[in-house]
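Peer 1: fold the following and give me the result.
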Amino acid sequence: MATSAKSQPDGSFRYCARDFTPAELAEVRLLIASGQCPGRQALAREICRRLNWYKLDGGLKEVSCSVALLRMQRDGLLELPPPARARPPRYVPSFTSASDPGPVLEGSRSDLGALQLVRVVGRSAESRLWNEVIARHHYLGYHPLPGAQLRYLVYAGERLVAALGFGAAAWRVLDRDDFIGWNDAQRLTRLHLVVNNARFLILPSVKVRFLASSLLAQVARQLPADWESVYCYRPLLLESFVECDRFTGAAYRAANWIFVGETTGRGKLDRDRKTPKVFKSIWLYPLDRRFRRLLCAPLPLSRGGP
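Peer 2: Here you go, the predicted structure:
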């Protein structure tokens, strides 16, 4: 079968941080041809069971498997059954008065008193509000966060002042990986222990000094336990990427994050090398003093990924 995908030296193909051997790909093709699984979702679940592809909390990695199957089809490795229903239109948050900036709030962090970090859960009202404020006020707009994730709304009393989002870490970052000191095999099996601060928004009407660094410090204290309660493991390191032309990264520095370098300016979607370069500073925050030893420890490796 002709394919544009690049195989590993042993003939396997890597998708979603997992190597699929020739025998496993043959098993997947046979399962598709058998018609035992009438839909793509059922197919992904059955493949996860047969290939022993589970999350750390014991659940099936069916979302990752679905993505892998689509990429395999794109690369000519297999042909999926047609989707059971048409793809729904792309979700676009609507703007309401709930995301209005409100009156200008000035002063210093100490004037606000205690801040409440509300963890966003499921498709709740908080989730819709988080999506709305990010779409309306964050320069990157709203996009679903990749992989395992946590989102927070931040309140000072009844006043919404900020929103933060954390998701899957970047796959490969030279300066980050050099700072950690891990090799490719260690990165493959432990990347889930690094969490990316993908969104950080202070509402435009909030002009409070030292608020950003205080929030970064507070969320770094709260997130590890929240993450463990949801995903059954505790992350070891936070990362964030700050556009050099827009921001200095001063809030991260003030919150004791570590500057480790800059990106090359090429994003993961820039395959044709025609997109203008966007350089970003790389910031890391250890959540455990043993992070380097734990991420680089010579533990048995699992080919199936985290």
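Peer 1: so which residues make contact with the longest helix seen in the chain?
Peer 2: Secondary structure of the chain read by DSSP state H shows that its longest helix is helix 211-231. Under the contact criterion CB atoms under 8 Å, 6 or more residues apart in numbering, helix 211-231 has outside partners 55-57, 109, 112, 115, 117, 119, 148, 150, 152, 154, 161-162, 164, 166, 195, 200, 202, 233-235, 238, 250-252, 254-257, 285, 287. (Each C-beta comes from the backbone N, C-alpha and C, glycine too.)
Peer 1: buried residues, it. List them.
Peer 2: Within helix 211-231, the residues that count as buried by 16 or more other CB atoms under 10 Å are 211-216, 218-220, 223-224, 227, 231.
Peer 1: again, but for stretch 103-118
Peer 2: 105, 109, 112, 115, 117.
Peer 1: which ones among these lie within strands?
Peer 2: Cross-referencing the buried residues of stretch 103-118 against strands under DSSP state E gives 105, 115, 117.
Peer 1: identify all residues paired with the second one through a beta bridge.
Peer 2: For Leu115, the beta-bridge partners are Ala156 (DSSP bridges).
Peer 1: contact partners for Asp245?
Peer 2: Asp245 makes contact with 278-279, according to CB under 8 Å, 6+ apart.
Peer 1: dihedrals phi and psi, it?
Peer 2: Taking degrees, to the nearest 10, you get phi -80, psi -10 for the backbone angles of Asp245.
Peer 1: how close does it get to Ile202?
Peer 2: 19 Å (CB to CB, to the nearest Å).
Peer 1: ranges for the strands of the stretch 51-200 of the chain?
Peer 2: 105-108, 115-119, 150-156, 159-168, 194-202 (DSSP state E, counting those that start in this stretch).
Peer 1: is Ile32 in contact with Leu77, as I believe?
Peer 2: No. Ile32 lies out of contact with Leu77 (CB atoms under 8 Å); the separation is 11.1 Å.
Peer 1: neighbour-wise, which of the two wins?
Peer 2: The neighbour comparison of Ile32 against Leu77 (other CB atoms under 10 Å) goes to Leu77, with 21 against 18.
Peer 1: sketch out the low-pLDDT regions of this protein for me.
Peer 2: Counting by pLDDT under 70, the ranges of the chain that qualify are 1-5, 86-87, 266-275, 299-306.
Peer 1: who's sitting farthest from the centroid in it?
Peer 2: Ser34 (34.9 Å; CA atoms, centre = their mean).
Peer 1: now do the helices in the stretch 201-306 of the chain.
Peer 2: 211-231, 250-254, 291-295 (DSSP state H, counting those that start in this stretch).
Peer 1: how about those helices in TSV, adding distance to Arg71?
Peer 2: Formatted as TSV, the helices of the stretch 201-306 of the chain follow (distance: least, CB to CB, whole Å):
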stretch	distance to Arg71
helix 211-231	24
helix 250-254	33
helix 291-295	27
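Peer 1: out of these, which comes closest to Ile134?
Peer 2: helix 211-231 (15.2 Å; CB to CB).
Peer 1: from the chain's centre, how far out does that closest one sit?
Peer 2: Its chain's C-alpha centre and that of helix 211-231 lie 15 Å apart, by CA atoms, centre = their mean, to the nearest Å.
Peer 1: one step back: just give me the closest of the buried residues of helix 211-231 to Cys65.
Peer 2: Tyr231 (17.6 Å).
Peer 1: still on that earlier bit, Ser97 is nearest to which of the helices of the stretch 201-306 of the chain?
Peer 2: helix 211-231 (23.2 Å).
Peer 1: and the angle from that closest one to strand 159-168?
Peer 2: Helix 211-231 runs at 50 degrees relative to strand 159-168, counting by axes from the mean of the first three to the mean of the last three CA atoms, to 10 degrees.
Peer 1: give me the angle between helix 211-231 and strand 150-156.
Peer 2: 140 degrees.
Peer 1: before we move on, the earlier item: now the ones in strands among the buried residues of stretch 103-118 as a markdown table including distance to Trp130?
Peer 2: Shown next, in a markdown table, are those (distance: CB to CB, whole Å):
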| residue | distance to Trp130 |
| --- | --- |
| Leu105 | 19 |
| Leu115 | 16 |
| Leu117 | 12 |
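Peer 1: which among the residues you listed gets closest to Glu132?
Peer 2: Set against Glu132, the nearest of these by CB to CB is Leu117 (18.2 Å).
Peer 1: hmm, Tyr152 and that closest one touching each other?
Peer 2: Yes. Using CB under 8 Å, Leu117 is in contact with Tyr152, at 4.8 Å.
Peer 1: what sits in contact with each of the two?
Peer 2: Residues within reach of Leu117 and of Tyr152 at once, by CB under 8 Å, 6+ apart, are 164, 219.
Peer 1: ok, Asp178 - how many residues close by?
Peer 2: Neighbour number of Asp178 under other CB under 10 Å is 11.
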